[in-house]
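1. Got a sequence here, can you model it:
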Amino acid sequence: MAGIPIRLHISWLLLLFFGVSSLQPLFAAQIGGSGLPMAIITTLLLLLAILLHEVGHAVMAQRLGLKVKSITLFLTGGITEMDGDVARPGHELKIALAGPLVSLVLTVLTAALAWWSLGEYRLLWTVLAACNGLLTIFNMLPCYPLDGGRALRAIFWYLHDDLLQGTHIASNISRVIGGGLMLFGVVVMIRADVWTGLLVILLGWMTSRSAISSYLQTALHYTLSRISVGELMSRTYRTVSPQLTLDLFVGQYLMGHSEQGFPVVQSERLLGVITVRNLRRFSIQQWRQTLVSEAMIPHSDLPPIHPNDAAHVAYQALTLRHFEQLPVTDGETLLGMIRHRDVLAFVQKNIKHAAQK
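-> You can find the predicted model right below:
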């Protein structure tokens, strides 16, 4: 566990507040007094249990040779972020089950302490045993990306020998469960309680949306980490002279064309990139007096992308900097252009292929 940063999201304060405010009346009613000190202690121990759940994932990942970047705790639980992909379905299964196993051990331990304790401490350990038990059950639901869903994904990954296919099946199962919850919520609204029904509908919607977004994220990273920039880049592109004025650039390169950005090259040396966004810094009246070299993004300000880089490196650069295209270079030599639309088209093709299997 040494060297793993633990981050607390601001929403964790809401969890702390909710825990204390919910437990304070319980302790006040059962043991007298305000009940606030015991409510605070119990809540802090519960938050510690959530942290230990994530530590279980992290320790197992480290034992399997993966580098853990961080543990982030937020309102609905935690995320253990790893540097790199899990290589085998067996490793994925072990990492997924490690967290619930920790919660199960804590359930048994706190239940035993509740059995042997008296008074307010019996109530404290009973509450913790119940919460850890619910945490174990909730995380083992077969809803991806919960731990149970990740275990399910590992099983289908092993059966199909394909991570993307396994994730697709686990995601679809989660979407069915989410849809079922929403239908059940409608029934509860009609026959029982409106607010409870709405809560169940919300839970179902979140389950379905989380499964979809997690699958797309996995598909994106999995697909792009297994192909190089050189395989996706375009070797056909138009270059712009740095001495061209902006009005001529617009007329010759933008009018009637779909491309929105072009490499600026002189003597086979990349100087920068000129895009439609760069024109907005100048009024139309200034275009005739302004050169492309004055409006372009200099090569030194562009993220370096080499054809041997994994495609997800280029995708991150494109999305983080909001570029539609970026040059692929070897030093100052332009080798090609990697375009956002080409990357997405490749990912969509692979997602469609996985769905048809």
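2. quick one, helices of the stretch 51-200 of the chain?
-> 89-116, 119-139, 147-160, 163-191, 194-224 (DSSP state H, counting those that start in this stretch).
3. from these, which stretch is densest packed?
-> helix 147-160 (a mean of 22; mean count of other C-beta atoms under 10 Å). For every residue, glycine as well, the C-beta is placed using N, CA and C.
4. Which pLDDT does the model give S210?
-> With respect to pLDDT, S210 scores 88.
5. That one is in contact with P145, isn't it?
-> Yes. Using C-beta atoms under 8 Å, S210 makes contact with P145 at a distance of 6.5 Å.
6. circling back: relative to I10, which of the helices of the stretch 51-200 of the chain is closest?
-> helix 194-224 (19.6 Å; C-beta to C-beta).
7. other SSEs contacting the closest one?
-> Judged by 3 or more C-beta pairs under 8 Å, 6 or more residues apart in numbering; DSSP states H and E, helix 194-224 is in contact with helix 163-191, helix 311-320, helix 340-356.
8. 10 Å - rerun?
-> Where contact means 3 or more C-beta pairs under 10 Å, 6 or more residues apart in numbering; DSSP states H and E, helix 194-224 is packed against helix 147-160, helix 163-191, helix 311-320, helix 340-356.
9. any idea how far L203 is from the residue lying closest to L220 once chain neighbours are set aside?
-> Counting by C-beta to C-beta, 6 or more residues apart in numbering, V347 is the residue found nearest to L220 once chain neighbours are left out, at 5.5 Å. Distance, V347 to L203, by C-beta to C-beta, to the nearest Å: 29 Å.
10. that older thread, tell me, what's touching S210 and P145 both at once?
-> Common contacts of S210 and P145, defined by C-beta atoms under 10 Å, 6 or more residues apart in numbering, comprise S171, S174.
11. Domain ranges for this structure, per the record?
-> Here the domain parsing of the chain from automatic domain parsing is 1-140, 157-226, 229-353.
12. Columns distance to A151 on top of the ones you listed, output as JSON lines?
-> What follows is the domains of the chain, written out as JSON lines (distance: least, C-beta to C-beta, whole Å):
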{"stretch": "domain 1-140", "distance to A151": "4"}
{"stretch": "domain 157-226", "distance to A151": "9"}
{"stretch": "domain 229-353", "distance to A151": "23"}
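13. Tell me which of those approaches G149 most closely.
-> domain 157-226 (5.4 Å).
14. gap between the two ends of the closest one?
-> One end of domain 157-226 sits 17 Å from the other (C-alpha to C-alpha, to the nearest Å).
15. give me every residue that touches L344.
-> With C-beta under 10 Å, 6+ apart, L344 has these contacts: L220, Y315, L318.
16. And for H312?
-> Neighbours of H312 in contact, by C-beta under 10 Å, 6+ apart: L220, H221, Y222, T223, L224, S225, R226, I227, V229, V343, V347.
17. Looking at the residue nearest to L128 when sequence neighbours are not counted now. What's its pLDDT?
-> Nearest residue to L128, sequence neighbours excluded (C-beta to C-beta, 6+ apart): T110, at 4.3 Å. Note on T110: pLDDT of 95.
18. Could you verify my assumption that T110 touches T136?
-> No. If you go by C-beta atoms under 10 Å, T110 and T136 don't touch, sitting 11.7 Å apart.
19. Could you check how many residues crowd around the nearest residue to Q325 once chain neighbours are set aside?
-> Leaving aside its sequence neighbours, Q325 sits nearest to R339 (C-beta to C-beta, 6+ apart; 4.5 Å). R339 has 22 neighbours, counted by other C-beta atoms under 10 Å.
20. For P5, see how far away the closest residue to L51 other than its chain neighbours is.
-> Among residues not flanking L51 along the chain, L73 sits closest, at 6.3 Å (C-beta to C-beta, 6+ apart). Applying C-beta to C-beta, the value for L73 to P5 is 12 Å.
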